[in-house]
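Novice: Quick one, what's the 3D model for this:
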Amino acid sequence: MTMRDPDLKSDFLTSEEVPKEYPFTARMLRYYRQKKLLRYGQYGKRIVYRRSWLDAFCEEWSGIDMSSPEKVDYAIACREYEKRHGLN
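Specialist: Take a look at the predicted model:
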């Protein structure tokens with residue numbers, strides 16, 4: 001399959017398309033990638049996201065404010081603390 005396949009293309013979104021359908025800004029998408037929280041792929045030079053990866057990310061972090069880098073870092077630190085101390 002190639003990206004020209006309509007079924008495959010509809011399953012992927014570019015960095016420009018994601019903010020139109022999901023509550024992420026382009027800046028935060030880059031930050032989530034940098035922190036290795038959000039799975040992504042590359043098609044040539046383009047960064048692409050599968051809808052199922054975005055949905056899984058939303059579900060995993062639902063109920064947590066991930067709107068700024070500081071809040072993301074805090075959420076990660078809380079998760080690590082809970083995991084380390086068996087609180088989850």
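Novice: Now do the contacts for residue 36.
Specialist: Not one residue lies near residue 36 by Cβ atoms under 8 Å, 6 or more residues apart in numbering. From N, CA and C alone the C-beta is placed, and that goes for glycine too.
Novice: Are we agreed that it is in a helix?
Specialist: No. Counting by DSSP: H, G, I helix; E, B strand; the rest coil, residue 36 is not found in a helix; it is coil.
Novice: burial count for residue 55?
Specialist: 11 (other Cβ atoms under 10 Å).
Novice: how close does it sit to residue 77?
Specialist: 25 Å (Cβ to Cβ, to the nearest Å).
Novice: go on, residue 62?
Specialist: Distance of residue 62 to residue 77, computed by Cβ to Cβ: 18 Å.
Novice: show me where the protein has strands.
Specialist: Listed in chain order, the strands of the chain (DSSP state E) span 12-14, 41-43, 46-50.
Novice: Ramachandran coordinates for residue 65?
Specialist: For residue 65, the backbone dihedrals (degrees, to the nearest 10) come out as phi -70, psi 110.
Novice: what number of residues lie near it?
Specialist: Neighbours of residue 65 (other Cβ under 10 Å): 10.
Novice: Next, the contact list for it, please.
Specialist: By Cβ under 8 Å, 6+ apart, residue 65 lies in contact with 71, 75.
Novice: surely residue 37 meets residue 72?
Specialist: Yes. Assessed by Cβ atoms under 8 Å, residue 37 is found in contact with residue 72 at 7.4 Å.
Novice: These two: which has the busier surroundings?
Specialist: Using other Cβ under 10 Å, the more surrounded residue of residue 37 and residue 72 is residue 72, with 20 against 15.
Novice: Which helix runs longest in this structure?
Specialist: helix 69-84 (DSSP state H).
Novice: Does anything pack onto that helix? Which helices or strands?
Specialist: With contacts taken as 3 or more Cβ pairs under 8 Å, 6 or more residues apart in numbering; DSSP states H and E, helix 69-84 sits against helix 26-34.
Novice: Contact partners for the residue positioned nearest the centre of the chain?
Specialist: The residue lying closest to the centre of the chain (Cα atoms, centre = their mean) is residue 38, at 3.4 Å. Residue 38 sits next to 29, 32, 49, 53-54, 57 when contact means Cβ under 8 Å, 6+ apart.
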